[in-house]
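Engineer: One predicted model, sequence on top.
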Amino acid sequence: MFAVELLILVPLVGAALCVGVGRLSARASRLASLGATIASAGVLAFLAAEGIFSGVALEGWRVARDTVPFWDLRIDGLSAPLLALTALTGLVAVLASWGEHNRSSVHHALLLGLQASVTGVFLAADVVLLYVFWEAVLIPMYFLIGIWGHENRRHAAMKFFIYTFAGSAFMLVGILMAVFGIGQTDISMLVSGRTALAQPSLVFWLIAIGMLVKLPAFPVHTWLPDAHVEAPTAGSILLAGVLLKMGGYGLLRLALPISPGSFAHAGIVFAVLGIVGIIYGAALALVQSDLKRLVALSSVSHMGFVLLAISAGTERGIAGAMLVMVSHGLVAPLLFLLVGQLYVRTHTREISRFAGLGVVTPRWGSALTFGALASLGLPGLSGFPGEFLSVIEAFGAWSWPMIPAMIGVVIAAAYNLRAVREVVHGPPAEEWRALRDLDAGDLVPVMLLVAAIVVLGVCPAIVLNMSGDAFATLAELIAGGV
Amino acid sequence: MAEVTILSAFAPQIACITGAAVAIALDAFERRHHAVVAAVAGAALACVLGAAAVGRPTALTGDVALSGGGFSGTVSVICGLGALMLAASWPRLVRADHGGGLAALSAVVIASAATIVAAADILVLLIALEAMALCAYALVWSARTASATEAAIKYFIQGAVATGLFVLGLAIVFGLHGNTTSYVWIRTLMVSSPGPPVTTAFVLIGVALAYKLGAFPFHSWALDAFETAPPYASAMLAGLPKIAAIVAMMTLYTRAVFANVASEYLLWVFGAIAVASMVFGSLGGLTQFSYTRMLAYAGVAQVGYALVALSVGSVAMTPAAVLVSAYAVAGSASFLAAAAVRSARPRWDGSIAGLAGLGQERRWLSAALAVAMFSLVGMPLTAGFWGKFLVFGSAVAVGHWWLALIGVLASVISFGYYGSVLKSLYFDEPEESFAEAEVPGSSPPDRDMADISGPEESGRGPEIAVVLCAAVLLGVGIVPLIAGIEGLMRFFTFG
């Protein structure tokens, strides 16, 4: 089925087109990138007709099998929701950087390149191909942060690259051990031949380290605040929206299936790291004076829930992890988008310099309030079902030691509401009396995300229907041990 | 008949050396253009001849020459890359004194490197190594600056010591058996020899080859030589000899002379040198300001990755050849880029920081250089990835996963300096003093010191060659994803 390939090819062709027409006009390249993101969403809609969003597995175009090519794409329940998320955040990122004037054609081309590589990660059915796309993601992101970022962009770009590259170095050795130990590169073949592995726990942890850095889990999360704060808005949107999800996806796709027996000791480690991440990220977010840094650190906290949910090892736990990932992939981009829009107008992100923006810029203020409520997990919005499931399932698995996770939920409410109170409420600050509110163009990406957050909050079954079978299979693997 | 078959087995080397001879003759008549044409044509023909023989099974001809399969494949890579580097330096060679002679020297380097790969006789190996080294000293010195002279002398003296060690080792081997220098015969005789002399020969020859490679702790000549040599010479000397030396070491230690006695030493001797080179090269590169000196340190680390393969044994020969070939293309391209930068920015001081803002000035050159840097790091989508994937994979396959882990972590550290080049190219704004165009009529700061490495008149040759190398690196990086890696491996299969 060649349409699966199109999900990668369309953004790539769009990127080439962007650079090509960039010489004519910046507007042409913006339109080209918008066209490419809409087209790839269209391909996804076409594939939806094939049933990918109802849990059907779909394979890509196959090369002749006499050689052993690495190119092998597959969509299944685990990848379908994340593919939809990638398409949506890709579109939002392009819209968010509509006003970028510095080398805008290259900027848009890199955004599309990033979308293509992340899509590749979620589609790859071959472990070598997965690693190739995994690393390829770093290249456009490195340039996006380094060229279009804020004051400390050079340092942040280097730190981002080296930190996550170090994580994938461990992962590469783990993958090599699996590939050369089992003699296969196809992920499903690796999983079925996993008993041939001599040191399954070593393979598991080597691969898992790469995933935990990407997620990021405490204590290997320190690259994230810098990268997020310094990245341009579109970069932050894709970073928070989909790049972090690669970590959770990788754990579920690769690490756990190859060595489900390791879950016996990994589960408790994940639970502890998850809880520490939840509380630590939330506590740090609580004391930030920079609005963007606050959102960035809240990501650490949210990703802690993903780890906590996975640590339960049950079908509903994994479902909770997926729900948290998708929800965070909508909420964090919304918040980064809003912070970015504010920064463009004011050139500051200092929380203390703002007050009463709800009066001056009511549309922006309402959107931020909405985002904050979604982030703290208000029932009815997308954050709630996932976090609820993850806490419930973790409690089922580990009982009362999971109570501290609830502290994290409380702190989440505190930092989100504090941000809203200081920035949106109160008497308007003199400085920003004449601030321009969001116009129609700004509102399009905001409303896209808001709509998705509401839909997922009201009807989480959308995601569960896509992936139910995949979760059950994973849970069976884990329960089976070995 | 035997002579004829030996000649056909050495056909690429003969084509290359003929080109060199014609170049010397033409240079005597001041026909520099024609001399360069002859040298390039010889190397290019050698490349084609080598590629044509890849499909043939590996064969040992007259107990002297190995050809077919990966031996012809690496010969083809050496000659092709050499021809490209020579062609890129065309405008400089034509204007330099004795340009034709320099072209001939380069052609001899190419021919010797190709001979080292194909050698199946330890005397042939020694003679080819010496021929290559003598030309290399002259090429390093051709910058004619005081520092290049110093580096060339250091290179020469250290090289002479290495040769001495090699000859000592050879004397032991010869003394044990007396009447043969061919690999196949020595291999069988080595097993029945007493242990101590065999071990001594093993170490002496290994140390000599490690010198030639520039592996830690025998690397100090390489840092000065590659920093001060003219970029064209560095481009020629950084890659080709490393391919040759690695293939020769793999042949000597895992398949031929020491193959039956070496297995227990291989891991510890070469594994230790590999780890030391990777760590030293990667950490040393971090502190460099000079672009070419950084590349020289990086070269030490790259040799370390290749030696990981040597410590694994004969199964890792194909991975080693892929890795070192990918390094040679990317490394040569990045040294050559220094020449291209000089013609774009005559006032460039040779520092990494001096590359600031080049990304917007010279898009193609900068993009190609970025590809070369990513390939040296071993990023996927470039040829460098497959080299490291196969080498570390072979290490993991025999259980040395910790060696692979040190290797990939060294690669991570190496991004510290490769990334600093990317940072200068794309993230930094150009500094006035480098960016300003050369004022017509004014001379660069030290004109008399800049004979062949001089800034101007390089034309676009180096830039085009760097872009070509980048295209090759990307092609080799991406095509195996879709077509499978067998095609790439077939080029380097040592039957």
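Structural biologist: Yep, that arrived.

Engineer: Could you pull up phi and psi at the single nearest residue of the stretch 51-200 of chain B relative to chain A?
Structural biologist: Residue of the stretch 51-200 of chain B nearest chain A, by C-beta to the nearest C-beta: B:Gly55 (16.6 Å). Yep, even glycine has a C-beta here, placed from its N, CA and C like the rest. The phi/psi pair for B:Gly55 (degrees, to the nearest 10) reads phi -70, psi -20.

Engineer: mind listing the strands in chain A by residue range?
Structural biologist: Counting by DSSP state E, residue ranges of the strands within chain A are A:58-59, A:74-75.

Engineer: Go through the ones you listed and pick out the most buried.
Structural biologist: The highest average neighbour count among the strands of chain A, using mean count of other C-beta atoms under 10 Å in any protein chain shown, belongs to strand A:74-75 at a mean of 23.

Engineer: which secondary structure elements does that one contact?
Structural biologist: Contacts defined by 3 or more C-beta pairs under 8 Å, 6 or more residues apart in numbering or on different chains; DSSP states H and E place strand A:74-75 against strand A:58-59.

Engineer: In its sheet, which strands sit next to the strand it packs on, and in what direction?
Structural biologist: Using DSSP bridges, strand A:58-59 pairs in its sheet with strand A:74-75 (antiparallel).

Engineer: Could you dump the strands of chain A into a markdown table and include distance to B:Leu336 and mean pLDDT?
Structural biologist: Converted to a markdown table, the strands of chain A look like this (distance: least, C-beta to C-beta, whole Å; pLDDT from 0 to 100):
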| stretch | distance to B:Leu336 | mean pLDDT |
| --- | --- | --- |
| strand A:58-59 | 44 | 72 |
| strand A:74-75 | 42 | 86 |
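
Engineer: would CSV of the ones you listed with distance to B:Gln360 be doable?
Structural biologist: Below are the strands of chain A laid out as CSV (distance: least, C-beta to C-beta, whole Å):
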stretch, distance to B:Gln360
strand A:58-59, 43
strand A:74-75, 40
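
Engineer: still on that earlier bit, what's the pLDDT at the residue of the stretch 51-200 of chain B closest to chain A?
Structural biologist: pLDDT, B:Gly55: 84.

Engineer: how many neighbours does it have?
Structural biologist: 11 (other C-beta atoms under 10 Å in any protein chain shown).

Engineer: B:Asp97 now?
Structural biologist: For B:Asp97, the neighbour count with other C-beta under 10 Å is 12.

Engineer: for the residue of the stretch 51-200 of chain B closest to chain A, what are its contacts?
Structural biologist: Contacts for B:Gly55 (C-beta atoms under 8 Å, 6 or more residues apart in numbering or on different chains) come out as none.

Engineer: In contact with the residue nearest to the spatial centre of chain A: list those residues for me.
Structural biologist: When C-alpha atoms, centre = their mean is applied to chain A, the residue found nearest the centroid is A:Val242 (2.7 Å). Contacts for A:Val242 were tallied using C-beta under 8 Å, 6+ apart; they are A:82, A:85-86, A:89, A:118, A:329.

Engineer: how about 7 Å then?
Structural biologist: Counting by C-beta atoms under 7 Å, 6 or more residues apart in numbering or on different chains, A:Val242 touches A:85-86, A:89, A:118, A:329.

Engineer: Quick check: it vs A:Val121, distance?
Structural biologist: Plainly put, A:Val242 is 9 Å away from A:Val121 if you go by C-beta to C-beta, to the nearest Å.

Engineer: Please determine how far A:Leu111 is located from A:Arg194.
Structural biologist: For A:Leu111, the distance to A:Arg194 (C-beta to C-beta) stands at 37 Å.

Engineer: And the two? Which one has more around it.
Structural biologist: Neighbour count, other C-beta under 10 Å: between A:Leu111 and A:Arg194, A:Leu111 has more, with 31 against 21.

Engineer: got a pLDDT number for the more buried one?
Structural biologist: 93.

Engineer: Check B:Phe434 too.
Structural biologist: 53.

Engineer: of all the strands of chain A, which lies closest to B:Gly384?
Structural biologist: B:Gly384 sits nearest to strand A:74-75 of all those, at 27.9 Å, using C-beta to C-beta.

Engineer: Distance check, the residue in chain A sticking out farthest from the centre against B:Ala23.
Structural biologist: The C-alpha centroid of chain A is most remote from A:Glu430, which lies 37.3 Å away (C-alpha atoms, centre = their mean). Using C-beta to C-beta, A:Glu430 is found at 79 Å from B:Ala23.

Engineer: Just give the number of residues close to the nearest residue to A:Ala271 once chain neighbours are set aside.
Structural biologist: Distances taken as C-beta to C-beta, 6 or more residues apart in numbering or on different chains place A:Ser311 nearest to A:Ala271, at 3.8 Å, with adjacent residues excluded. By other C-beta under 10 Å, the residues close to A:Ser311 number 27.

Engineer: Let me see the contact set for A:Ser311.
Structural biologist: The contact partners of A:Ser311, by C-beta under 7 Å, 6+ apart, come to A:267, A:270-271, A:274, A:394, A:397.

Engineer: and with 8 Å instead?
Structural biologist: A:267-268, A:270-271, A:274, A:317, A:394, A:397-398.

Engineer: wait, isn't B:Trp168 in contact with B:Leu204?
Structural biologist: One thing to correct before we go on: residue B:168 is Leu, not Trp. Yes - B:Leu168 sits in contact with B:Leu204 when judged by C-beta atoms under 8 Å, with a separation of 5.2 Å.

Engineer: what's the burial count for residue 459?
Structural biologist: Picking chain A for this. Neighbour count for A:Cys459, taken as other C-beta under 10 Å: 12.

Engineer: Actually, chain B is the one I wanted.
Structural biologist: Other residues close to B:Gly459 by other C-beta under 10 Å number 14.

Engineer: if I look at it, how far off is B:Arg347?
Structural biologist: From B:Gly459 to B:Arg347 the distance is 18 Å (C-beta to C-beta).

Engineer: Extract the C-alpha trace of stretch B:220-234 and format it as PDB.
Structural biologist: The C-alpha trace of stretch B:220-234 is given here as PDB (Å, rounded to 0.1, in the frame of the first residue of the first chain):
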ATOM      1  CA  SER B 220      51.900  12.800  17.200                       C
ATOM      2  CA  TRP B 221      53.200  13.200  13.600                       C
ATOM      3  CA  ALA B 222      49.700  13.200  12.200                       C
ATOM      4  CA  LEU B 223      48.500  16.200  14.200                       C
ATOM      5  CA  ASP B 224      51.300  18.500  12.900                       C
ATOM      6  CA  ALA B 225      51.400  17.000   9.500                       C
ATOM      7  CA  PHE B 226      47.700  17.400   8.800                       C
ATOM      8  CA  GLU B 227      47.400  20.800  10.400                       C
ATOM      9  CA  THR B 228      50.300  22.400   8.400                       C
ATOM     10  CA  ALA B 229      50.200  20.500   5.100                       C
ATOM     11  CA  PRO B 230      48.500  22.200   2.200                       C
ATOM     12  CA  PRO B 231      44.800  21.200   2.200                       C
ATOM     13  CA  TYR B 232      45.200  19.300  -1.000                       C
ATOM     14  CA  ALA B 233      48.000  17.200   0.500                       C
ATOM     15  CA  SER B 234      46.000  16.600   3.700                       C
END
